[in-house]
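>>> My questions concern the predicted model and sequence given below.
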Amino acid sequence: MDRARTDRMSAAPGASGIVGLAVAQPGADPGTDLPRIAQGALVHHAARALVVDSADIVVRDDPQAHGDGCVCAPGNLMDPPFAPSPGEFRPWLDGFSSALVLQVDRPADSFRQGEPGWACRLKAIRNDGDYEALHETWTGLHDAIMWTERELFRAGYYLSVGFGALTCTLCNTCDVSRLCKFPYRARPSIEAVGVDVDATLQQLGLEAEQGAVLTGVVLAV
C-alpha cells in the first residue's frame, strides 16, 4: 500500500487538509453509494433514511443531559461526561461533508428526544410500562445505525461512524469503572455529543413531533 493512501486511511476527520473524499476508498461514488445504502436502511428497521449535508447537523455547547440540581451519579459510558464533548465532536463533524439521518417511529408518550435532562428522565421511566416500547424502538434504531455504518465501511468509507438516540441500553446496567463490554456495538447518542435534535430536524425540514420518533445519524464521507 502506498504511503499517500495509508495517510488518507489513518487521518482523523477535522485534521488539517482533510476533505470529504479523503475518508473514502479511491473509486467510491458517494452520489450513488449513499442513496443506495439509505434505501437499504429502510428494510433494516428505519422508517426514514435521508442523505444530508453534515453542515445541517446543529451542535450546541451543552448536551444538558441532566436537569437542574440533578444528583444522578454518572451512569453510562455512552453519556456525558464519558461521551465525546461537543468541542471534541465538532472537528469530527467538520471533517465530513455528508451524513445519513435515520429515524424510527415509536408510540407517542411524554418523553421527547433531546429535551434537557434526558438522562434523568430515562432513569425515572426505566420501571415504567412505557419503557419496554421505548427500548424496543431504541433497539430498532441501533440496529439500523449499525447496519448503515457497516455498509458504508464495506463500500469504502473507512471513517464512517454512527450515533444513536437517548442512551445505550445494550446492558441492563453500565459499570462506568470498567471498560465497555461491547466496544464494537456501543455508540453515544446524538444528544450525548451535543447535537441539538430539534434545531437539526428543523434545519432538515423534518417535524420534531412529540414522542413520535427516535433519530440517529451516521457520518459518512
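It's in.
>>> hey, let's count contacts and neighbours off CA atoms from now on
Will do.
>>> how near is the residue most central in space within the chain to residue 130?
Geometric centre of the chain, nearest residue: residue 163, 1.5 Å, by C-alpha atoms, centre = their mean. Distance, residue 163 to residue 130, using C-alpha to C-alpha, to the nearest Å: 23 Å.
>>> And residue 52, by the same measure?
Separation of residue 52 from residue 130 (C-alpha to C-alpha): 32 Å.
>>> Compare the two and say which one has the larger neighbour count.
Neighbour tally, residue 52 and residue 130, criterion other C-alpha atoms under 10 Å: the higher count belongs to residue 52, 18 against 15.
>>> In contact with the more buried one, which residues?
Contact partners of residue 52, counting by C-alpha atoms under 8 Å, 6 or more residues apart in numbering, are 98-101, 204.
>>> Buried subset of these as a ChimeraX selection?
Here is the ChimeraX command that selects the buried residues among the contacts of residue 52 (16 or more other C-alpha atoms under 10 Å):
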select :98,99,100,101
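>>> Pick out whichever of the contacts of residue 52 sits closest to residue 219.
Residue 219 lies nearest to residue 99 out of the contacts of residue 52, by C-alpha to C-alpha, at 4.4 Å.
>>> a helix runs through that closest one, doesn't it?
No: the assignment for residue 99, made by DSSP: H, G, I helix; E, B strand; the rest coil, is strand rather than a helix.
>>> thought it was touching residue 53?
Yes: the pair residue 99 and residue 53 passes the contact test of C-alpha atoms under 8 Å, sitting 6.3 Å apart.
>>> before we move on, the earlier item: and what about the residue nearest to the centre of the chain, helix, strand or coil?
Classification of residue 163 using three-state DSSP returns strand.
>>> Assign residue 119 to helix, strand or coil.
At residue 119 the chain is in helix, as set by three-state DSSP.
>>> name the element the closest residue to it other than its chain neighbours belongs to?
Leaving aside its sequence neighbours, residue 119 sits nearest to residue 65 (C-alpha to C-alpha, 6 or more residues apart in numbering; 5.1 Å). Per DSSP states H and E, residue 65 falls between elements, in no helix or strand.
>>> ok now do residue 175, which residues does it touch?
With contact taken as C-alpha under 8 Å, 6+ apart, residue 175 is in contact with 75-77.
>>> how about the strands in the protein?
Using DSSP state E, the strands of the chain run over residues 48-53, 98-105, 161-163, 213-219.
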